[in-house]
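A.B. asks: Build me a model:
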Amino acid sequence: MPLEPVLTHIDNDLPKATARLMELLRIPSISTDPAYKNDCDTAADWLVADLLSIGFKASKRATPGHPMVVAHSGGEGPHVMFYGHYDVQPADPLALWQNDPFDPQVQDTPKGKVIRARGASDDKGQLMTFVEACRAWKAVHGTLPANISLFFEGEEESGSPSLVPFMEENAKELTADIALICDTGLYDENTPAIITQLRGLLGEEITITGPDKDLHSGMYGGLAMNPIRVLTRIIAALHDANGRITVPDFYDGVPELSDDLAAAWDALGFDERAFLGEVGLSEPAGEAGRRPLEMVWSQPTCEVNGIWGGYTGDGFKTVLPSQAHAKISFRMVGQQDPHKIRDSFRKMVQDMLPPDCSVSFRGHGASPASQMTTTHPAFDQARQALSDEWPNPAAFVGSGGSIPIAGHFKTILNMDTMLIGFAKDDDAIHSPNEKYDLSSFHKGIRSWARILDAMAT
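C.D. replies: Predicted structure coming up:
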């Protein structure tokens, strides 16, 4: 089946494809807020109806939370599983939006036209690039170039509590030759990327308790232990003078960057000063002696995400607080074990406690890193297909973020995963005025059409 007529159809059908995406974007499928439960159901129903209209056998599957959407095309060729999520983040603060976040608009900007709405980039626009590629193949040839399954989740933005049980219960149905995920981005404006490694994520919330009530700092200061003082000493001890993390055995399972990968990353010409300059910074602050891309793609981190205690309102209140709190996250790479790191971190904190102080912990997830097996032939096929569509050749890159589903495909279904996305760094995902470039949507559809063709032939 020739590819060129499919690409021509995609070009001609772009206004209708954009209108379909706008329909989905109008549904406020916010998974974290129970008030939007019916809207999540509506989004799942919309996807089922749309997939049925192009010949998929599609259904909405109940879970204890929001429903899954599963669809199958059947047919010849390699069996491909595509994953996306239809739920979105809350839109707050609403006052900072240029337009109603659920009234999508196509807007002109100095860099071109964008689709502005909550979920435009994360992940409805990205999800629909694949659906529209399938629609184009069906419209031109009456069939698809591969045996395609689709798996859409409604709880990705709220921790995916139903995902693993659903995958385990439906493992046979969900298993394919390879999984595809479109929830990532381009390397730069003209360079598509295939993510080959993702960092894992461990979250810890700690509370240090000292006196049994807040104390007057004039009466007790100097004599009574201040939990904030204890907490800040612990936090300061998490890194040495060179930026290396000091949690015992933390680096067990962390691989060194291979010479080949180091050369490939160096060739990307990453400008760390420009990257930091976009957010008002100038100097890398990670471990001394590491490449900047290592710091964000292949080295683990320990970061304080929140810290509070005592009086933080307007004015001034001279108290010695009873408690101090912090939220600390670890991004992990290679074979690091998040559960061992959690145990080691907690022991380190407990060992640093002075008399009269206690600590309590609350865990917030623990997912290991994911490493993709690029020897699967689909990786080279996809890289060539992307290179044919975009101005620059596609690159194998890492990602500092965490997408647990990629690891679940491997550990639960024994499937390799390719992560290919068309988002840009300025898409403002999770923030006010989220957008998706119309060119990303258009070229994303064309890219998936090319990838499916390459994998089938």
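A.B. asks: ok, Lys317 touching His216?
C.D. replies: No: between Lys317 and His216 there is no contact under Cβ atoms under 8 Å: 10.0 Å. Every residue, glycine included, has its C-beta placed from N, CA and C.
A.B. asks: start to end distance for stretch 204-219?
C.D. replies: The first residue of stretch 204-219 is 34 Å away from its last residue (Cα to Cα, to the nearest Å).
A.B. asks: nearest spatial neighbour of the residue most central in space within the chain, skipping sequence neighbours?
C.D. replies: By Cα atoms, centre = their mean, the mean C-alpha position of the chain lies nearest to Ile403, the distance being 4.8 Å. In this structure, Ile403 finds its nearest non-sequential neighbour in Leu198, 5.5 Å apart by Cβ to Cβ, 6 or more residues apart in numbering.
A.B. asks: ok, now Gly309?
C.D. replies: Ala324 (3.4 Å).
A.B. asks: what about the helix or strand encompassing that neighbour, distance to the chain center?
C.D. replies: Assigned by DSSP states H and E, Ala324 falls within strand 323-332. Centroid separation between strand 323-332 and its chain, computed with Cα atoms, centre = their mean, to the nearest Å, is 20 Å.
A.B. asks: what's the following helix or strand past that strand packed up against?
C.D. replies: Tracing the chain past strand 323-332, the next element assigned as helix or strand by DSSP H and E is helix 338-351. Applying 3 or more Cβ pairs under 8 Å, 6 or more residues apart in numbering; DSSP states H and E, we find helix 338-351 packed against strand 200-209, strand 323-332, strand 358-367.
A.B. asks: which residues are in contact with helix 338-351?
C.D. replies: Helix 338-351 is contacted from outside by 200-202, 204, 206, 234, 237, 246-250, 252, 328, 330, 332, 359, 361, 363, 366-368, using Cβ atoms under 8 Å, 6 or more residues apart in numbering.
A.B. asks: For the buried ones among those, write the corresponding PyMOL selection.
C.D. replies: Of the contacts of helix 338-351, the buried ones can be selected in PyMOL as follows, counting by 16 or more other Cβ atoms under 10 Å:
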select buried, resi 200+201+202+204+206+234+247+250+328+330+332+359+366+367+368
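A.B. asks: Next, work out how far apart the nearest residue to Pro104 once chain neighbours are set aside and Val319 are.
C.D. replies: The shortest distance from Pro104 to any non-neighbouring residue, by Cβ to Cβ, 6+ apart, is to Ala117 (3.5 Å). Going from Ala117 to Val319 by Cβ to Cβ, to the nearest Å gives 45 Å.
A.B. asks: The two: which has the busier surroundings?
C.D. replies: Ala117 (29 against 17; other Cβ atoms under 10 Å).
A.B. asks: which residues make contact with stretch 68-76 from outside it?
C.D. replies: Stretch 68-76 is contacted by residues 44, 47-48, 51, 55-61, 86, 134, 143-144, 146-154, 162, 166, 170, 173-174 when judged by Cβ under 8 Å, 6+ apart.
A.B. asks: Which of those residues fall in strands?
C.D. replies: The strands, defined by DSSP state E, take in 57-61, 147-153 from the contacts of stretch 68-76.
A.B. asks: JSON lines for those residues, including distance to Thr109?
C.D. replies: Shown next, in JSON lines, are the ones in strands among the contacts of stretch 68-76 (distance: Cβ to Cβ, whole Å):
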{"residue": "Lys57", "distance to Thr109": "40"}
{"residue": "Ala58", "distance to Thr109": "35"}
{"residue": "Ser59", "distance to Thr109": "39"}
{"residue": "Lys60", "distance to Thr109": "36"}
{"residue": "Arg61", "distance to Thr109": "39"}
{"residue": "Asn147", "distance to Thr109": "40"}
{"residue": "Ile148", "distance to Thr109": "34"}
{"residue": "Ser149", "distance to Thr109": "36"}
{"residue": "Leu150", "distance to Thr109": "31"}
{"residue": "Phe151", "distance to Thr109": "33"}
{"residue": "Phe152", "distance to Thr109": "29"}
{"residue": "Glu153", "distance to Thr109": "30"}
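A.B. asks: Can I get the buried part of these as one ChimeraX selection?
C.D. replies: Burial among the ones in strands among the contacts of stretch 68-76 is assessed by 16+ other Cβ under 10 Å; the matching ChimeraX selection reads:
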select :58,60,61,147,148,149,150,151,152,153
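A.B. asks: Just put the ones in strands among the contacts of stretch 68-76 in JSON lines and tack on distance to Ser298 and pLDDT.
C.D. replies: Shown next, in JSON lines, are these (distance: Cβ to Cβ, whole Å; pLDDT from 0 to 100):
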{"residue": "Lys57", "distance to Ser298": "41", "pLDDT": "98"}
{"residue": "Ala58", "distance to Ser298": "38", "pLDDT": "98"}
{"residue": "Ser59", "distance to Ser298": "40", "pLDDT": "98"}
{"residue": "Lys60", "distance to Ser298": "39", "pLDDT": "98"}
{"residue": "Arg61", "distance to Ser298": "36", "pLDDT": "98"}
{"residue": "Asn147", "distance to Ser298": "34", "pLDDT": "98"}
{"residue": "Ile148", "distance to Ser298": "32", "pLDDT": "98"}
{"residue": "Ser149", "distance to Ser298": "31", "pLDDT": "98"}
{"residue": "Leu150", "distance to Ser298": "31", "pLDDT": "98"}
{"residue": "Phe151", "distance to Ser298": "28", "pLDDT": "98"}
{"residue": "Phe152", "distance to Ser298": "30", "pLDDT": "98"}
{"residue": "Glu153", "distance to Ser298": "27", "pLDDT": "98"}
